[in-house]
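Q: Structure for this input, please:
(4 chains)
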Protein chains: 4
Amino acid sequence: MTVNIGIIGAGMIGEAHALRITQELTGARISAVADVDEANAHHLVERLGGEAHVYESGEALIAGTDVDAILVTSWGPTHEDYVIAAIQAGKPVFCEKPLATTAEGCQRIIEAEIAAGRRLVQVGYMRRFDTGYRKLKAVLDAGKLGEALMIHAAHRNAEVPERYITPMAIEDTLVHELDVLRWLLDDDFVSAQVVFPRKTRYAHDKVADPQIVLLETAKGVRIDVEVFVNCRYGYDIQCQLVGEEGIASLPQPESLEYRQAGRLSTDILQDWKDRFADAFSVELQAFIDGTASGDIQGPSSWDGLAAAVASDACVKAQQSGQIERIELPERPAFYA
Amino acid sequence: MTVNIGIIGAGMIGEAHALRITQELTGARISAVADVDEANAHHLVERLGGEAHVYESGEALIAGTDVDAILVTSWGPTHEDYVIAAIQAGKPVFCEKPLATTAEGCQRIIEAEIAAGRRLVQVGYMRRFDTGYRKLKAVLDAGKLGEALMIHAAHRNAEVPERYITPMAIEDTLVHELDVLRWLLDDDFVSAQVVFPRKTRYAHDKVADPQIVLLETAKGVRIDVEVFVNCRYGYDIQCQLVGEEGIASLPQPESLEYRQAGRLSTDILQDWKDRFADAFSVELQAFIDGTASGDIQGPSSWDGLAAAVASDACVKAQQSGQIERIELPERPAFYA
Amino acid sequence: MTVNIGIIGAGMIGEAHALRITQELTGARISAVADVDEANAHHLVERLGGEAHVYESGEALIAGTDVDAILVTSWGPTHEDYVIAAIQAGKPVFCEKPLATTAEGCQRIIEAEIAAGRRLVQVGYMRRFDTGYRKLKAVLDAGKLGEALMIHAAHRNAEVPERYITPMAIEDTLVHELDVLRWLLDDDFVSAQVVFPRKTRYAHDKVADPQIVLLETAKGVRIDVEVFVNCRYGYDIQCQLVGEEGIASLPQPESLEYRQAGRLSTDILQDWKDRFADAFSVELQAFIDGTASGDIQGPSSWDGLAAAVASDACVKAQQSGQIERIELPERPAFYA
Amino acid sequence: MTVNIGIIGAGMIGEAHALRITQELTGARISAVADVDEANAHHLVERLGGEAHVYESGEALIAGTDVDAILVTSWGPTHEDYVIAAIQAGKPVFCEKPLATTAEGCQRIIEAEIAAGRRLVQVGYMRRFDTGYRKLKAVLDAGKLGEALMIHAAHRNAEVPERYITPMAIEDTLVHELDVLRWLLDDDFVSAQVVFPRKTRYAHDKVADPQIVLLETAKGVRIDVEVFVNCRYGYDIQCQLVGEEGIASLPQPESLEYRQAGRLSTDILQDWKDRFADAFSVELQAFIDGTASGDIQGPSSWDGLAAAVASDACVKAQQSGQIERIELPERPAFYA
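A: Modelled structure (predicted):
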């Protein structure tokens, strides 16, 4: 059985996903494309070299009989409506982050999904599918580190464009840690604080860079995440988990080792797409397989809500300078 | 278009390849299986969960109308006949190492392929498809290391079974370096010497272990390869290329970094199948894609011959204790 | 010229310093020893194998004509009086940390030293003499990292005895970072905050372990220091300096690299005395040379005060859970 | 007691040793200096800032009543006579490598020392005093690696001057490995072979560079040493010992770790004097202490002979292209 996937949003990320599904992954094809600009949709269909149907709207695509499952890769504010429409059509939907731009939007999705009676939503947090994070979780879950006590993390980009502003350090950047660390620890955040170190000369006017975000979990784990998006030297994701019995850190990406010009060195990646290339593939394959088997796994609507709530608290903490509480509603049994 | 692949030899490696093609790779299906023991073939078909046809012989399978391309994963001495039959049937054939058990056998395959007028054979040297080796070749080819001068390599296994005897250190183990280093350097071997260090207490009676193989290339590169198949600590592949402008070494496989029990450590793999898992996938996908496009790439029959000739010289050097010449016939323009 | 050194306090650290001066360093001898328990003093003289004079009190030793310079390695609360006495006798004095147990005590020492008209005091913060920290400072001062923005640090001990209680994480442990980071950055702390992660099961009742201390400097550098004194795996000092132009981290202590039992590993030290062995030697040699040349360098009384003030604020922050200000009086021109 | 040391040869290495003894080490002073150019001797005395006596000849210095022990740092061909004179004067003598320029010369020194009835000679092979090599030997001797089977080593210099010619790769460069590996393994060499890889474009006309030297020991250990003296990237000493139970490698020299400009890197030293700075100090302190205690340790005249015999065989192997035997005379009980 081949899963027919309709994709809403033919921008960079939509195209990347569509090419992956077409060229690398198994069990699915792109059968339909919609974009707010229909020319974009046609252009993507051409690049795919297949016979996908271009729909005039996301809603029409969702209703399409040649569409078994939907990928939502459109502009963030449109996510909520498309996801709810897909749920109501009874079709599995993979939604790029954010699930919705507000916690309330996430709640509405949750209600729709519960009403539908089965999991239909997978949110696009790809780090859970990264080999390194998976090994880290496996080691922790196997008890080899004892109880988790602390996490020291860093999320560094070489640079960001001028449109990147202070809250985006949370909403676009930290949000990946908000999801993956919660999953890694199997725990919920209860408070957030943000401190602003001296600003690098390389940051544009409208972004405080770097930032340090301090998180506390229900079990008492303390997390510090350095967010530094103009670090200049590369794209570098660090995560060190300190446990009672020892410490484990995320692997460095594989690199040749050089002895040259007075240095013993390895390469640091420059592009986040390279860093998580395999994770994107595993993530989308999981969605395809989940659609085929009727058992959607991976980050759920509930996880999407949790990320939204934590993200909101962090943005509030950026503004207040205070320690802000992070409070989730009670978790529905549906997501137990 | 889906490539229909027939597989001859339903043993461990045949099954691994078949599962890969079925579960991970795109563009192909296993349509037919043959094995000297038909029960094995049926068993493999069951494990694949598909509808492959079991043929009573490799020859019959090669002739099958539901077979576009052939995988030869049978017992080594049978390779030559199956490969020649596939060539004569005009069907692409992927042959596990060795291409043939003698240099003469490789020559006969070469003659058949030249007679067929196009490349149909890909030999199963997977290391050329490993990311690390590819990066090493890319760096060298880009001139970043200057001319290659030396290679220091090691091929270590934790242990080998009792049936593993001294020449297998060349024929089963070193043969991977013989292929990949020749490819890496774009050069041919001209001499080989083998020295036997003190034997480890952990080696069985019939194997001299470790061994050091010294190779010389036409361009004057000197290579030392430690072959140590009872090293006890893991499966470890080392390759350091020393150039005029600097040195580059193969990456360590990605691992968490631990601080625990007085040690800062990373894991060393235990199983060669894990070390080259991705390379096997890329290798087979290349064969599928080459079949589909009519353009077979990767290790050729000529490379299979080159490995056989070098391997023979190394075994002779094991026995003679002398420096043995490695002489290839003139390379046919067909393989230029 | 050989500097005659009198040592007050013949305990573990006093003995270690005395043996270093006698056996390893040049230009000095231990000429006199005093201890609250005279038997200890005699015992130390014996171990040194020399002819040091045992004085009945620290005051008498300070006044001794066979004493050119003094080492104060006695019980912390006695430091202030001995240091002031030495200053008043016009003799250089090396005082183990703390300089005094209160900021007021440090102030009194500062006044005495200013009154004496020349630097006579070196405080025993040995990390400034560690090769790794010196390289880090050299790289920063040379502008190779741009402006410092953040420091991520960790101070981990395998375990601590039962008498080690929560404030000692600041006063005995963090105090080394308080001195060395201030020196490294050439900057002053302005605030401190302490958060308590989930407690490790291996900590005794009276110590919250681990702790994370967050410091802010006048220039806006943000520092996080993990203090974890029952980490079990070893003695591990980490310091990563994040600058505008790049990041530099303290070296790992030199170790053989092992491939054994499935691991690629290096040793982690277990004993802090091994970690800073060379630093202690360089520190004491600097004191000897400073005494001989009349030019005492290294951590000054002012630095001792700064450490005391910062330490007090951190202990207050432990108790309050708030961000506490760190306010130094104006720096006297004497210490410019 | 202060050891009065007379130094013969006021060149670069003599000056470095004299400054070390004067400024860093304990228990000795430079009391006398001689040089074939008396002006050099006077110049060194000035630099030392002390009151050393300048002798008109090495022989006169050896006889001097203000000389307890001798350092021979003169031109290699003069070593033998000075060492024998020192032995005959009953004075401990530290002789820089080579002990003598021929094996016969070393034999004559051995006869003189045996006639004197006690060890008086320490040869200047400093690597035995390097912390890394000492740790490697300790681990091997403790049985943690099982029996030694192989050593892979490299000796790389960034560049060498034009006067450096092919045999110097053995006599000046490899000779350090010849001594330290024999000591490390507690074993003797029995054969040597030299192979010449393609020559680097950066080598001058009269030196074949790189070279690979293959050694075999009496216990069957096989050693390969890459000697590459125009490697351009730095001074790099590698030594990996492969044992039955695991592998241990010499530490990398301590360095900051940088994340900068797309690279994760550490520094590689450029100057051999930095690499073995501590070893030189420990070596000379051992000579001072041995002189004071009457118990000279470290590399003996016998070790000097062993290095000379192995070095001669390697040079012969360079010329012959053959495997050359290394045969030591029977070891006198005196050096057991």
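
Q: helix/strand/coil for residue A:173?
A: State at residue A:173, reduced to three classes by DSSP: H, G, I helix; E, B strand; the rest coil: helix.

Q: Surely it is in contact with residue A:153?
A: No: in this structure residue A:173 lies outside contact range of residue A:153 using C-beta atoms under 8 Å: 11.6 Å. Bear in mind the C-beta positions are built from the backbone N, C-alpha and C, glycine included.

Q: which residues touch the residue nearest to residue A:270 when sequence neighbours are not counted?
A: The shortest distance from residue A:270 to any non-neighbouring residue, by C-beta to C-beta, 6 or more residues apart in numbering or on different chains, is to residue A:234 (5.3 Å). Each residue near residue A:234 by C-beta atoms under 8 Å, 6 or more residues apart in numbering or on different chains is listed here: A:156, A:158, A:268, A:269, A:270, D:259, D:262.

Q: With residue A:248 instead?
A: A:136, A:139, A:140, A:144, A:145, A:240, A:241, B:256, B:257, B:258, B:259, B:260.

Q: Please repeat the previous calculation with a cut-off of 10 Å.
A: Residues near residue A:248 by C-beta atoms under 10 Å, 6 or more residues apart in numbering or on different chains: A:135-136, A:139-140, A:144-145, A:239-242, B:255-260.

Q: in the host helix or strand of it, what's buried?
A: Using DSSP states H and E, residue A:248 sits in strand A:246-249. Of all the residues in strand A:246-249, those buried under the rule 16 or more other C-beta atoms under 10 Å in any protein chain shown are A:246, A:247, A:248, A:249.

Q: Which parts of the stretch 151-300 of chain A are strands?
A: Using DSSP state E, counting those that start in this stretch, the strands of the stretch 151-300 of chain A run over A:189-195, A:211-217, A:222-228, A:236-243, A:246-249, A:257-260, A:263-267.

Q: So for residue C:25, which of the ones you listed sits nearest?
A: Of all the strands of the stretch 151-300 of chain A, it is strand A:263-267 that lies closest to residue C:25, at 33.4 Å by C-beta to C-beta.

Q: Pairing partners for the closest one, with directions?
A: strand A:257-260 (antiparallel), strand D:263-267 (antiparallel) (DSSP bridges).

Q: list the contacts for the residue sitting nearest the centre point of chain A?
A: By C-alpha atoms, centre = their mean, chain A has its centre lying nearest to residue A:125, at 2.6 Å. Each residue near residue A:125 by C-beta under 10 Å, 6+ apart is listed here: A:96-97, A:99, A:175-176, A:178-180, A:182-183, A:279, A:283, A:298-299, A:303-304, A:307.

Q: Could you give the bridge partners of the residue in chain A positioned nearest to chain D?
A: Scanning chain A for the residue nearest chain D gives residue A:265, at 3.5 Å (criterion: C-beta to the nearest C-beta). Beta-bridge pairing of residue A:265, defined through DSSP bridges, involves residue A:258, residue D:265.

Q: So which residues on the stretch 51-200 of chain A come close to chain C?
A: A:146-152, A:154, A:156, A:191, A:193, A:195-200 (C-beta under 10 Å from any C-beta of the partner chain).

Q: could you redo the last one with a cut-off of 8 Å?
A: A:146-150, A:152, A:154, A:195-200 (C-beta under 8 Å from any C-beta of the partner chain).

Q: which two in these are spaced the farthest apart?
A: Across these (C-beta to C-beta), the longest gap, 38.1 Å, separates A:146 and A:199.

Q: for chain A, which helix is longest?
A: In terms of residue count, the longest helix belonging to chain A (DSSP state H) is helix A:301-320.

Q: Next one: that one, is it in contact with chain C?
A: No: if you take C-beta under 8 Å from any C-beta as the test, helix A:301-320 misses chain C, and the best it gets is 13.1 Å.

Q: helices or strands next to that helix in the packing?
A: Under the contact criterion of 3 or more C-beta pairs under 8 Å, 6 or more residues apart in numbering or on different chains; DSSP states H and E, helix A:301-320 touches helix A:103-116, strand A:121-123, helix A:175-185, strand A:189-195, strand A:211-217, strand A:324-325.

Q: related to what we said a few turns ago, what is the nearest of the residues of the stretch 51-200 of chain A next to chain C to residue D:321?
A: For these, the nearest to residue D:321 is residue A:154 (55.2 Å; C-beta to C-beta).

Q: Can you name the residues of the stretch 151-300 of chain A that neighbour chain B?
A: So the stretch 151-300 of chain A meets chain B at A:245-261, A:266 (C-beta under 8 Å from any C-beta).

Q: Could you rerun that using 7 Å?
A: Residues of the stretch 151-300 of chain A found near chain B (C-beta under 7 Å from any C-beta of the partner chain) are A:245-249, A:251, A:254-261.

Q: quick one: which two of those residues are the most distant?
A: Farthest apart among those by C-beta to C-beta are A:245 and A:261. That separation is 40.7 Å.

Q: who has more neighbours, the two?
A: Neighbour count, other C-beta atoms under 10 Å in any protein chain shown: between residue A:245 and residue A:261, residue A:245 has more, with 17 against 13.

Q: contacting residues for the more buried one?
A: By C-beta atoms under 7 Å, 6 or more residues apart in numbering or on different chains, the contact list for residue A:245 reads A:144, A:145, A:146, B:260, C:232.

Q: and the fourth one, what does it touch?
A: Read it as residue B:260. Residues near residue B:260 by C-beta under 7 Å, 6+ apart: A:245, A:246, A:247, C:233.

Q: With the third one instead?
A: Taking C-beta under 7 Å, 6+ apart, we find residue A:146 in contact with A:243, A:244, A:245.

Q: Just name the closest of these to chain C, please.
A: The shortest approach to chain C among those belongs to residue A:244, at 4.6 Å (C-beta to the nearest C-beta).

Q: Please name the nearest non-neighbouring residue to the closest one.
A: residue A:146 (3.0 Å).

Q: measure the one you found to chain B for me?
A: 10 Å (C-beta to the nearest C-beta, to the nearest Å).

Q: Let me know the distance separating that residue from residue C:199.
A: Counting by C-beta to C-beta, to the nearest Å, the gap from residue A:146 to residue C:199 is 12 Å.

Q: Also residue A:198?
A: 33 Å.

Q: what do you get for residue A:96?
A: Residue A:96 is 39 Å from residue C:199, by C-beta to C-beta.

Q: the more surrounded of those two?
A: Legend: neighbour count by other C-beta under 10 Å for residue A:96 and residue C:199, higher for residue A:96 (20 against 17).

Q: Report pLDDT for the more buried one.
A: On pLDDT, residue A:96 comes in at 97.

Q: same check, this time on residue A:336
A: For residue A:336, the predicted pLDDT is 86.

Q: show me the contacts for the residue lying closest to residue A:155 once chain neighbours are set aside.
A: Nearest residue to residue A:155, sequence neighbours excluded (C-beta to C-beta, 6+ apart): residue A:227, at 5.2 Å. Contacts for residue A:227 (C-beta under 7 Å, 6+ apart) come out as A:155, A:169, A:173, A:174, A:210, A:211, A:213.

Q: so can I have TSV of those showing pLDDT?
A: Shown next, in TSV, are the contacts of residue A:227 (pLDDT from 0 to 100):
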residue	pLDDT
A:155	98
A:169	98
A:173	97
A:174	98
A:210	98
A:211	98
A:213	98
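
Q: Which members of these define the maximum pairwise distance?
A: A:174 and A:210 (11.6 Å).

Q: need the helix or strand of chain A with the lowest average pLDDT.
A: For chain A, counting by mean pLDDT, DSSP states H and E, helix A:272-275 ranks last in confidence among helices and strands (a mean of 93).

Q: Check what contacts it and list those residues.
A: A:235, A:237, A:253, A:269.

Q: please redo it, this time with the cut-off set to 8 Å
A: For helix A:272-275, using C-beta under 8 Å, 6+ apart, the contacting residues are A:16, A:157, A:235, A:237, A:253, A:269, A:280.

Q: just how off-centre is it within its chain?
A: Per C-alpha atoms, centre = their mean, to the nearest Å, the displacement of helix A:272-275 from the mean C-alpha position of its chain is 13 Å.
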